[in-house]
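S.K.: just coords:
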Ligand SMILES: Nc1ncnc2c1ncn2[C@@H]1O[C@H](COP(=O)(O)OP(=O)(O)O)[C@@H](O)[C@H]1O
Ligand SMILES: O=C(O)C1=C[C@@H](OP(=O)(O)O)[C@@H](O)[C@H](O)C1
Ligand SMILES: [Mg+2]
């Protein structure tokens, strides 16, 4: 949550000439409501159901860059869909860097609302093991968003060249 998936994902898609899909944005469109209101009026369960439905649908479509919310991988089914159909990049951010971003996240991330710093750190740390389900880890701390997109685009292109099927 707040590691930069939406911001960098959008820039990365442009560099790769692909369409970008933000699952949170699609959930908001489906409900016609912003995420904090969805959590409040429909509940997290309804949010997670829609999230799963949309991930299942988009992860099986080729040539997209998709950003999934930070809680999506808590559901095994989402992990499996993404890992078997997509290249999964984990945006790894340190607690120290993440702490600096909290003030821009609390209004729009209902799971942070009303939590103390200690509770946020606990949530941050207990989620780390879930994110080991990935194809590639990207340490975001050192990069501005534009640099991150440049770096990822180059890395992906390079790996495609290396792994390109022989014709
Ligand atoms: N590489 C970066 N360096 C500094 N700030 C960033 C970077 N990437 C994103 N941000 C900022 O961090 C906040 C969360 O970014 P966002 O893309 O919404 O993250 P996510 O989709 O992972 O929750 C936004 O305010 C965004 O402008
Ligand atoms: O981590 C989470 O449980 C969530 C992360 C958010 O997405 P970002 O990771 O894009 O902030 C959004 O899906 C929702 O607020 C729940
Ligand atoms: Mg996002």
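M.R.: Sure, I can see it. Predicted, not measured: the structure shown is a model, and the values here were computed from it. Numbering: from 1, shown residues only. Ligands and ions are numbered 1, 2, ... in the order given.
S.K.: near ligand 3, which residues of the chain?
M.R.: Applying Cβ under 5 Å from the ion, one finds that the chain approaches ligand 3 through 5, 6. C-betas here are computed from N, CA, C, even on glycine.
S.K.: What residue in the chain comes nearest to ligand 1?
M.R.: Using Cβ to the nearest ligand atom, the closest approach of the chain to ligand 1 is made by residue 4 at 2.8 Å.
S.K.: Now do that residue: how many residues are near it, please.
M.R.: Residue 4 has 19 neighbours, counted by other Cβ atoms under 10 Å.
S.K.: backbone phi and psi for it, please?
M.R.: With angles defined as degrees, to the nearest 10, residue 4 sits at phi 110, psi 10.
S.K.: State the distance from it to ligand 2.
M.R.: Residue 4 sits 9 Å away from ligand 2, going by Cβ to the nearest ligand atom, to the nearest Å.
S.K.: what separates that residue from residue 93, distance-wise?
M.R.: 7 Å (Cβ to Cβ, to the nearest Å).
S.K.: shared neighbours, these two?
M.R.: residue 140 (Cβ atoms under 8 Å, 6 or more residues apart in numbering).
S.K.: who in the chain is up against ligand 2?
M.R.: For the chain, the residues in contact with ligand 2 (Cβ under 6 Å from any ligand atom) are 1, 2, 5, 6, 24, 35, 69, 70, 71, 109, 110, 111.
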